[in-house]
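Colleague: Provided below are the primary sequence and the corresponding predicted coordinates.
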Amino acid sequence: MVYWFEEIKDQDREELGEKASNLGKLMEHEVDVPYGFAVGKDAFETFLRENQIKERIEKKLREVNPDDLENVKKVSEDIQNLIRSKDITEEDVSAIKEAYGNINISRKVRNAGNKAASLVGGQRETEFVAVRASPIGGNSSLYKTKIGVNGKDSVVETIKEVWASFYSPEAIFYRKKKRGAESLGIIVQKMEESDVSGSLYTSDPLTGQESVVIEAVYGIGSSLKEGAALPDRFLVEKSSATIRSRDIAEKKWKIERDPKTGKTVKKKVPSRERDEKTLTDQKVNKILEKAKEVERILGEPQKIDFSLKRGQVSVISSRKMQTGNKPSTKSEGEGFIQGFPASTGIGVGEAKIVYDAYKVGNPEGRVILCSKASKKLITSMEKASAIVTDRGGISSSAAVLARKFHIPMLVGCQNATDRIGEGEEITADCNQGKIIKGSAESSQAGGNRGEGAERKALTGTEVLEIEEEPGGKVSIEKGKSTRWSTDSFREDSKIYRSLSGIEGGAFLMDSYRELVDVEEAVEKGAEQIIIDGRKFDSKIGKVLEVVKSQTDADISLIAEESTEGLYYAIESGLNSIITPESDRYKIEKRLEKAERRFILKKLRELE
């Protein structure tokens, strides 16, 4: 149930989540990581089961309407209060408290027994720790992080609070709209003193180019994740270590630990330091080397949280980064407010100034303006034209979510909420980082939301996206071989249920031999047929024709950028296309061309 970082193995990822698993791997390679332990998802699931609340929670979630924010908030409040009212099992409480008490003791001494531990100062009650979520699948930006926790009882209660955040309004909304985490692991990690903290991407999150993007603030980095700070920003060429740009913000305050109480406090930054850069060129290069090392160990581009104390770089956490849509349009016109693109696209609409991200009203087609880049803005991300914030960086939780929802977003605009009037029509060019008065023309029109726009289907075919492996059963990431579990339809199958709202389950098909099983699957209750289009390519038209002749069930097609046969998918009346998040925009553009070709064909037939 409790795993010390150095004990975590690759096979523990499904139990502990990506963030915890990566910390174990980094420690194995002797990367400087603040020490701690992880609590597996089995503790969370045992808590729900032993308190007999899992079915009650699932019933509430089935009935929630994600488009009714008040309903989402009420359901969230009910579930979180229910969790807070219950107790963790005595066995798990004992294991957590023992681990916290021994967090300063080496593995060798711990294994020597309690007597040895007590001789070196074990079982302490005064160690300050951070408690973080490590989701199994899904997005860690949605869940609670608590810093400055100390005392065994406080650690136990904080773990319960992080579990409760699995049912926050943002998390419920996200899982209803997209496929989110299936459970939560927990990280309990020693807090270290920080002169500077920050987040970085080992590739540009907007373009995927080989440039490291670093954001940094004074003190502890919690304000960066929360979107409440204006960070310094450094763009560094990965291969040559050349610093391409430095954007230095005015940093009026910082979060740090009170030396007397140990608690985290907000303090003013001395005026002489406010406009100073948080990182010297030498420190930027040191962070760059650490980032390259972490990326090499973990094998793919990463989003890394780091701290810097007396010139030493520590890695707080690391997880696979997601890349947004590359900017391909630009607006014509001079910007009267500048900001930093956090998610690309161009949004045009009336300004809606928001003081409480939960009280937006109807965001449909509006440009939402908010002082803070709060993750609560997620509830507006499906319908708004764009989002603009005075503070926050591209590594804030809100920015990460905006890229997930493909909505244009500008951060760090400083005084946009003061300079733009309610209802004023504006253009938020989140490709070039500027706000233009009125409705500006763009050189490649892409609708109000530009690259972030939701596809306006000419036919009935939807585009759905999948961002993580569904329970580890299947991967549709590029470069990975895929085997579907398709021996026969399984009545307990939950694959894609959260994505497509399937109640009866889905039949998954990736070879011609399975064509004969379609009818049987439908008879057993399959409400959707999912075909791996990558395995059939140009012959997909024939496959769809056979499947359609056997059933009236909804049919979905797995497709990547290179998948052939999209025209035949349209011609066959396909219900939806499922694509990796990184390919969604390209698939949508190809689909639009296929739809136009199909409609032209139908028009010619009428002539």
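Modeller: Great, that's in hand. What you see is a predicted model, and the numbers here were worked out from it, not measured in a lab.

Colleague: Which pLDDT value belongs to residue 180?
Modeller: We have a pLDDT of 76 for residue 180.

Colleague: try residue 584
Modeller: pLDDT at residue 584 comes out at 68.

Colleague: Equivalent analysis for the one 10 residues further on, please.
Modeller: At residue 594 the predicted local confidence, pLDDT, stands at 69.

Colleague: start at 655 instead
Modeller: Renumbered: residue one is now 655, and that last one reads residue 1248.

Colleague: what number of residues lie near the closest residue in space to residue 843 that isn't next to it in sequence?
Modeller: Using C-beta to C-beta, 6 or more residues apart in numbering and skipping the chain neighbours, the partner closest in space to residue 843 is residue 690 (3.6 Å). In short, each C-beta sits where N, CA and C put it, glycine included. Using other C-beta atoms under 10 Å, residue 690 is surrounded by 23 other residues.

Colleague: residue contacts, the closest residue to residue 683 other than its chain neighbours?
Modeller: Nearest non-adjacent residue to residue 683, counting by C-beta to C-beta, 6+ apart: residue 951, 5.0 Å away. By C-beta atoms under 8 Å, 6 or more residues apart in numbering, the contact list for residue 951 reads 679, 680, 683, 685.

Colleague: Now do the helix or strand hosting the first one: distance to the chain's middle.
Modeller: Right, residue 679. For residue 679, the host element (DSSP states H and E) is helix 672-682. Distance, stretch centre to chain centre, for helix 672-682: 18 Å (C-alpha atoms, centre = their mean, to the nearest Å).

Colleague: Which other helices and strands does it contact?
Modeller: strand 690-693, strand 783-790, strand 837-844, helix 935-952, strand 966-974 (3 or more C-beta pairs under 8 Å, 6 or more residues apart in numbering; DSSP states H and E).

Colleague: could the contacts of residue 951 go into JSON lines alongside neighbour count and pLDDT?
Modeller: Below are the contacts of residue 951 laid out as JSON lines (neighbours: other C-beta atoms under 10 Å; pLDDT from 0 to 100):
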{"residue": "679", "neighbour count": "20", "pLDDT": "97"}
{"residue": "680", "neighbour count": "22", "pLDDT": "97"}
{"residue": "683", "neighbour count": "12", "pLDDT": "96"}
{"residue": "685", "neighbour count": "18", "pLDDT": "97"}
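
Colleague: Over to residue 748. Which of the three states is it?
Modeller: Classification of residue 748 by DSSP: H, G, I helix; E, B strand; the rest coil places it in helix.

Colleague: confidence score at it?
Modeller: 97.

Colleague: Please apply the same query to residue 1204.
Modeller: Taking residue 1204 on its own, its pLDDT is 76.

Colleague: do the same with residue 768
Modeller: For residue 768, pLDDT reads 56.

Colleague: what's the answer for residue 1154, then?
Modeller: 35.

Colleague: do the same with residue 758
Modeller: For residue 758, the predicted pLDDT is 89.

Colleague: try residue 732
Modeller: pLDDT, residue 732: 97.

Colleague: Skipping adjacent residues, who's closest to it in space?
Modeller: Nearest to residue 732 is residue 714, by C-beta to C-beta, 6+ apart, at 6.5 Å.

Colleague: So what's the model's average confidence on the helix or strand where that neighbour lies?
Modeller: Following DSSP H and E, one finds residue 714 within helix 708-717. Here helix 708-717 scores 94 as its mean pLDDT.

Colleague: Residues contacting the helix or strand just after it, please?
Modeller: Heading C-terminal from helix 708-717, the first helix or strand you meet, by DSSP H and E, is helix 723-738. Residues outside helix 723-738 that contact it (C-beta under 8 Å, 6+ apart): 701, 707, 710-711, 714-715, 717-720, 814-815, 817-819, 821-823, 826-827, 1012, 1033.

Colleague: How about stretch 704-718?
Modeller: Here stretch 704-718 has contacts from 699, 702, 725-726, 729, 732-733, 736-737, 740-741, 743, 821, 826, 830, using C-beta under 8 Å, 6+ apart.

Colleague: what does stretch 933-948 give?
Modeller: The contact list for stretch 933-948 (C-beta under 8 Å, 6+ apart) reads 680, 683, 685, 850, 852, 854, 856, 866, 868, 870, 886, 888, 890, 892, 895, 897, 956, 958, 960, 962, 965, 967, 969, 972.

Colleague: contacting residues for the nearest residue to the third one once chain neighbours are set aside?
Modeller: Distance criterion C-beta to C-beta, 6+ apart; nearest residue to residue 685, sequence neighbours excluded, is residue 969 at 5.6 Å. When contacts are counted by C-beta under 8 Å, 6+ apart, residue 969 touches 680, 685, 686, 687, 944, 948, 958, 959, 960.

Colleague: what sits against the second one?
Modeller: Okay, so that is residue 685. Residue 685 touches 944, 947, 948, 951, 969, counting by C-beta under 8 Å, 6+ apart.

Colleague: returning to what we had before: buried residues, the helix holding residue 714. List them.
Modeller: Neighbour counts over helix 708-717 (16 or more other C-beta atoms under 10 Å) mark 711, 714 as buried.

Colleague: Next: stretch 717-726.
Modeller: 718, 720, 723, 726.

Colleague: how about that stretch as CSV, C-alpha atoms only?
Modeller: Below are the C-alpha coordinates for stretch 717-726, written out as CSV (Å, rounded to 0.1, in the frame of the first residue of the first chain):
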residue,chain,number,x,y,z
GLU,A,717,-27.2,11.3,-13.1
VAL,A,718,-25.1,14.5,-13.2
ASN,A,719,-25.6,16.9,-16.2
PRO,A,720,-22.2,18.4,-17.1
ASP,A,721,-23.8,21.3,-18.9
ASP,A,722,-25.6,22.4,-15.7
LEU,A,723,-22.9,23.8,-13.6
GLU,A,724,-25.0,24.2,-10.5
ASN,A,725,-25.9,20.6,-10.8
VAL,A,726,-22.2,19.6,-11.1
